[in-house]
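J.: sharing a model that was predicted from the sequence below.
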Amino acid sequence: MARGWESKAVESQQDEALRDRKPVDRRTDAQRTRDAKRYELSLSRTRTANDLEHATHPAHRETLTRALRALDAQLRELDIES
């Protein structure tokens, strides 16, 4: 017996639901926190590096250089912990 259009529509909806399903995040709370911290530090480092590129005053450049070193140290520390 031929399948009707209703059963084809249901099958299509089920296929679409499976395709749209997002994978389950299996990270622990500690891993999520560490990943969020790494992302935040990475953004800060990018912003600081961009600021350093455009800085002209020596004192400001020195401050930004120190900030970059501190951010790099924090990122390394996160990598060691994981």
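T.: Cool, the structure landed. Numbers count the residues shown, from 1 in each chain.
J.: pull the residues that contact stretch 64-79.
T.: Residues outside stretch 64-79 that contact it (Cβ atoms under 8 Å, 6 or more residues apart in numbering): 34, 37, 38, 41, 42, 44, 45, 48, 49, 51, 52, 55. Where you see a C-beta, it was placed from the backbone N, CA and C, and this is true even at glycine.
J.: element containing the third one?
T.: Looking back up the chat, that one is residue 38. helix 29-54 (DSSP states H and E).
J.: same for that helix, what does it pack against?
T.: Judged by 3 or more Cβ pairs under 8 Å, 6 or more residues apart in numbering; DSSP states H and E, helix 29-54 is in contact with helix 58-81.
J.: now do the helix it packs on, average pLDDT.
T.: In this model, helix 58-81 has a mean pLDDT of 95.
J.: can you show me the CA trace of that helix as CSV?
T.: What follows is helix 58-81, C-alpha atoms only, in CSV (Å, rounded to 0.1, in the frame of the first residue of the first chain):
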residue,chain,number,x,y,z
PRO,A,58,56.4,55.1,25.9
ALA,A,59,54.7,54.8,29.3
HIS,A,60,51.5,53.6,27.8
ARG,A,61,53.3,51.1,25.6
GLU,A,62,55.1,49.8,28.7
THR,A,63,51.9,49.4,30.6
LEU,A,64,50.3,47.5,27.7
THR,A,65,53.4,45.3,27.4
ARG,A,66,53.1,44.4,31.1
ALA,A,67,49.4,43.7,30.7
LEU,A,68,50.2,41.3,27.8
ARG,A,69,52.8,39.5,29.8
ALA,A,70,50.3,39.1,32.7
LEU,A,71,47.5,37.8,30.3
ASP,A,72,49.9,35.4,28.7
ALA,A,73,50.9,34.1,32.2
GLN,A,74,47.2,33.6,33.1
LEU,A,75,46.6,31.7,29.8
ARG,A,76,49.6,29.5,30.4
GLU,A,77,48.4,28.8,34.0
LEU,A,78,44.9,27.7,32.6
ASP,A,79,46.6,25.4,30.1
ILE,A,80,48.7,23.8,32.8
GLU,A,81,45.6,23.2,35.0
